[in-house]
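Asks: okay, here's the prediction I keep looking at, along with the sequence it came from:
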2 protein chains.
Amino acid sequence: MTHEYVDIDTLKFLLYNVHQVEELLQAERFKEYDKTSLDIFLDSIKTFSDTALHPFIKEMDEKPSVFKNGKINVHPQFENIIKTAGELGIIGAIFDFEDGGMQLPSTVFQAAHFIMNAANNHVPGYFGLTSGSANLILSFGSQELKETYIPNMLDLTWGGTMCLTEPQAGSSLSDVMTVATPTDKDYYQIKGQKIFISAGDHQFCSNFVHLVLARIKGAPTGTKGVSLFVVPKNRPTENGEFTYNDAAIEGEFEKMGQKGYCTTHIIFGDNDDCRGWLVGEANKGLSYMFQMMNEARISTGLMGAAIASAAYYSSLKYANERPQGRKLNSSGQKNAEEEQTLIINHPDIKRLLFSQKAVVEGSMSLILQSAIYLDKEMTSTSAEEKEKYNLLLELLTPIVKTYPAEQGIQSISNAVQILGGYGFCFDFMPQQYYRDIRIIALYEGTTGIQSLDLLGRKITIKKGKALELLAIEIQETIKNASAFDELKPFANTLLENLSLVQKVISTLMPHAMKGNYERFLADATVFMDFFGTIVIGWQWLKTATVANQTLADENGNQSQEFYNSKIHTMKFFYTYEMSKTKGLAKTLMNEEELTIQVSKDMF
Amino acid sequence: MTHEYVDIDTLKFLLYNVHQVEELLQAERFKEYDKTSLDIFLDSIKTFSDTALHPFIKEMDEKPSVFKNGKINVHPQFENIIKTAGELGIIGAIFDFEDGGMQLPSTVFQAAHFIMNAANNHVPGYFGLTSGSANLILSFGSQELKETYIPNMLDLTWGGTMCLTEPQAGSSLSDVMTVATPTDKDYYQIKGQKIFISAGDHQFCSNFVHLVLARIKGAPTGTKGVSLFVVPKNRPTENGEFTYNDAAIEGEFEKMGQKGYCTTHIIFGDNDDCRGWLVGEANKGLSYMFQMMNEARISTGLMGAAIASAAYYSSLKYANERPQGRKLNSSGQKNAEEEQTLIINHPDIKRLLFSQKAVVEGSMSLILQSAIYLDKEMTSTSAEEKEKYNLLLELLTPIVKTYPAEQGIQSISNAVQILGGYGFCFDFMPQQYYRDIRIIALYEGTTGIQSLDLLGRKITIKKGKALELLAIEIQETIKNASAFDELKPFANTLLENLSLVQKVISTLMPHAMKGNYERFLADATVFMDFFGTIVIGWQWLKTATVANQTLADENGNQSQEFYNSKIHTMKFFYTYEMSKTKGLAKTLMNEEELTIQVSKDMF
């Protein structure tokens, strides 16, 4: 069956059957919910996406947000979108009831987020940044900050942003130079500029609440001197009105994709009249920001997977409609008298489609898996359990961010390819998705940064405990899969790959032990590719096992074909993708040191 | 050293040292040339590219060609470009002296073509199509056709095009439906429409000469009933003037890249007044077209490699200028007091740069290798030699077309990545190259079609003789490399890979023997990836051997670093790319048959 941009049946199968989201509902926090109420929420998001988001994705590319006279103007459809999203409670979906939120499991919200991003990836960032910045205020801000800002953010009357990057401080946040000068009042004077600020301004919110990383005068250098401030575009005055806070939109970055999602350049305090309010304690800004980072990174990977989902269904529709070429007969010839066949009947087109399905659904599963760990960390009552789920989440986060970003590029390139020359033309969607997705590997820490995080921090965290815990989870999947003869060979392959991970790590680790960190981390991105592939292989085996079990129990509510397609795509992933891990391991264990101590005149 | 878009020193090293182009000059056909005259030609092309092409590439993206009132308007700079290219003799560079050409070796012309494409990939297609269509007339047309059309095409007063694709006939040319009705004159009445016609019209040529595939009324179905016609936009009248030939520009395809290079939709004979002149014999059109196809496909692959070259140097420049982050000390920490380091000093950035260099220069070498075979086929005096070079060329052509197209996408994605968030912005070039290159895998036979050609035709041609001949060439390289201890391990790897190719082919071939062609060819594209990687590995070993020999002989005119960089990049390619061939072989030899006989409801 062809879908427009997302397969809700698969999403629900992963949510309820593979990842057993209903188990979460036993927690006190989620006791108001049952499957029916979750379904109602997801269905309302799907309706919103069908009617308010998806019909406008092409237009948002053609009529991008524009900067003029100090203001950003976004597509007029945002008026309706902002209003409806506010009414649906999307901003506070995972917040506590007492903060005006819906107290939904994060896992369910990520599923909803997937639907919206697949429908129109130019839009949900506006919600996500408002939600994320409100969450920072709720988690670390004073009561006054909460009261002043949260209510208007919850219904999207105001938007929120995260202001990290500066011209000289991209990946290197320790180099943030925006200055906060204390005053004898409750605020600081802010001066500096921030670039690449997504959702930084538009005509449909009356105020913007910027969460700004800055350095209090005299603070230590590096990351330990960075504080977090609330810096509104318009600040409250004593009489309850609002006045402009000298936070000027200086321009917009024109981009090759996600053109409806504005990317602004903001100058704070050019007229020395910009006030900021400290969030939490001084010099702890980066640690606050990073407590939100796991969710931000899951959301970013999700955005990539969702764009790939939309491209997949766009190319599948074409493959089901376009006649071209003929099947070969047993002499290897074609009969020109025959009618042309639909291109979906060519094996190479099927390969291109399965490769997309494997990336899209494999990523979707890993995203939900991580969200499950996030929810379990939050709701577990034992400290040990909390630590377990926290470590699992920490380990998976860089992969959730990166796998859909990097493999999504190839996946969407495959969608373009299916359309032939039309794939390159503005008349069809894949070329837009090909442009849109290219930002994902750059947002929220580039692939290089994520890979350093994975190998340099997460693999070694607590003496490798996170990896040990993940290995236990993977072995559980292997055990369950081995109950089915059809799945056994793939379970064995996954087990072999788990050993290969150990082998690679024990080859690399001595470099770190000897203090040669540059050598240890030189191929971190290759390690990401290697380990990420195995982790997705784990998710596919888990999915195929549940599909197989459902067929065996004859208790599924989907067609046999549906469950068979999961098993088949798992086999495809193991045959076409898992086959590359040995080569990657060989690269990782090479002794050439080709990227270290090399003169830059070599290029 | 950083170049703007191409490294002429490397191009000349490959041309003169690795591929020994001077050997060709012994042939009667090229006896007018020596190294000095070739250098003068290449230098004039470089100057033309520096002054007339490269400065306009960004503008051509921002101000694309547009269709209005039945006409295409291209960027105004084309006036100068068309005039200068005509004067430089680019159109007839490889034509015989007696046809008004320069009779240059194809290899040298491809080198020139590489420079122009790297400078501005939106432009050289206009030359290539005029040259190609003129060549078709010269090779197969009547004396009258030659006299009528060639002189004005040679100086680009008129442009030429190739009209193959129709809405229902993209990859499947046997379905061409444009009709040619005989008349009692020397012409046919042409009726039909053609799409995706590159360079189909613009304001700076006074006429266009379309080479059109059409079916003479009553001709057999399939490829055997397709004939080739000259169908000018304006046809000559008896009084020597020209009148409109009912060949209407119906529109332009708006594309995500190569926006300066127009892609037109042409309707022939909508008013029943379109005349076409048969080229050569009836029903042989496709075979004529395909005799030009090797060069067209080499040129297309070349275009991809050249775009990747421009992106590589663009990202290298940025890496050499952008400070960000710091090196890790022996405790794995950074010192925030230190100044930031240039990003080129980070191993992951070096990896991204080497991966680009490996694709760009490896492809450049393979392109020149193929052109050498083309020239040798043309100039050999023995039939056996002619056949040998023809077979080698036939085997390599689909790879020359595909490797730079597919790997170029990844290569340019790596260039984008080096720039971080700026990589996604219109202010920098990599994003444009990322869009531009995506067409290459679709032009002139998609990757799927090229892969079917490689495995289904070229590997099996003359009972595998082409592959035997290539194996001899590769073994020669292995032997030469083995003379150097430093290169021996890589020579051994290449030898192992050669055996692996044999193993894969003998696993696949029985399917063809049994008449199961669909199974035989199902993973042809994976075979392309596998075999293409090994072929580029061969070119890198050949290049490194010559570099090593030059260092040993101390007779190079470049720095030691230059030659070392070739050896180093070879090692990089073997360590990071050749390591994937075993996994691909495993995929190819799998017995799952996952893309055949699968219900389309599986998606």
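Replies: Alright, I've got the coordinates.

Asks: for chain A, what helix or strand is lowest in average pLDDT?
Replies: helix A:285-291 (a mean of 92; mean pLDDT, DSSP states H and E).

Asks: average pLDDT for the helix or strand just after that helix?
Replies: Note on helix A:285-291: by DSSP states H and E, the next helix or strand toward the C-terminus is helix A:293-321. Mean pLDDT, helix A:293-321: 96.

Asks: would you mark the buried spots in helix A:293-321?
Replies: Neighbour-count burial for helix A:293-321, counted by 16 or more other CB atoms under 10 Å in any protein chain shown, picks out A:293-319. C-betas here are computed from N, CA, C, even on glycine.

Asks: those: which ones sit near chain B?
Replies: Checking those against chain B by CB under 8 Å from any CB of the partner chain, the ones in range are A:Leu316.

Asks: hey, where'd the strands end up in the stretch 201-350 of chain A?
Replies: Per DSSP state E, counting those that start in this stretch, the stretch 201-350 of chain A carries strands over the ranges A:207-216, A:227-232, A:234-236, A:242-244, A:247-252, A:263-268, A:275-278.

Asks: got the residues of the stretch 101-250 of chain A near chain B?
Replies: A:165, A:168, A:170-172, A:174-175, A:195-196, A:221-223.

Asks: strands - which of the residues you listed land there?
Replies: A:195-196 (DSSP state E).

Asks: which of the residues of the stretch 101-250 of chain A next to chain B sit farthest apart?
Replies: A:Phe196 and A:Thr221 (22.9 Å; CB to CB).

Asks: of the two, who's got more company?
Replies: Set A:Phe196 next to A:Thr221 and count neighbours by other CB atoms under 10 Å in any protein chain shown: A:Phe196 wins out with 23 against 14.

Asks: could you identify the longest helix within chain A?
Replies: helix A:383-418 (DSSP state H).

Asks: could you check the angle that one makes with helix A:293-321?
Replies: Using axes from the mean of the first three to the mean of the last three CA atoms, to 10 degrees, the inter-axis angle of helix A:383-418 relative to helix A:293-321 is 30 degrees.

Asks: quick revisit: so which bits of the least confident helix or strand of chain A are buried?
Replies: When burial is assessed from 16+ other CB under 10 Å, helix A:285-291 yields the following buried residues: A:285-289.

Asks: ok, stretch A:46-60 next?
Replies: For stretch A:46-60, by 16+ other CB under 10 Å, it's A:46, A:48-49, A:52-54, A:56-57, A:60.

Asks: in a strand, A:Ile189, correct?
Replies: Let me fix one detail, which is that residue A:189 is Gln and not Ile. Yes. A:Gln189: assigned to a strand according to DSSP: H, G, I helix; E, B strand; the rest coil.

Asks: in a markdown table, list the strands of the stretch 201-350 of chain A along with mean pLDDT and mean neighbour count.
Replies: Below are these laid out as a markdown table (pLDDT from 0 to 100; neighbours: other CB atoms under 10 Å in any protein chain shown):
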| stretch | mean pLDDT | mean neighbour count |
| --- | --- | --- |
| strand A:207-216 | 98 | 25 |
| strand A:227-232 | 98 | 26 |
| strand A:234-236 | 97 | 18 |
| strand A:242-244 | 97 | 13 |
| strand A:247-252 | 97 | 20 |
| strand A:263-268 | 98 | 22 |
| strand A:275-278 | 98 | 24 |
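
Asks: which one, of these, ends up nearest to A:Phe603?
Replies: Comparing the strands of the stretch 201-350 of chain A by CB to CB, strand A:263-268 comes nearest, at 30.0 Å.

Asks: show me what that closest one pairs with in its sheet, parallel or antiparallel.
Replies: strand A:188-198 (antiparallel), strand A:247-252 (antiparallel) (DSSP bridges).

Asks: tabulate those (a markdown table), appending distance to A:Gly583.
Replies: As requested, the strands paired with strand A:263-268 are exported to a markdown table (distance: least, CB to CB, whole Å):
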| stretch | distance to A:Gly583 |
| --- | --- |
| strand A:188-198 | 35 |
| strand A:247-252 | 43 |
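
Asks: among the ones you listed, which comes closest to A:Gln143?
Replies: Taking these one by one with CB to CB, strand A:188-198 is closest: 18.7 Å.

Asks: quick one: buried residues of the closest one?
Replies: Neighbour-count burial for strand A:188-198, counted by 16+ other CB under 10 Å, picks out A:188-198.
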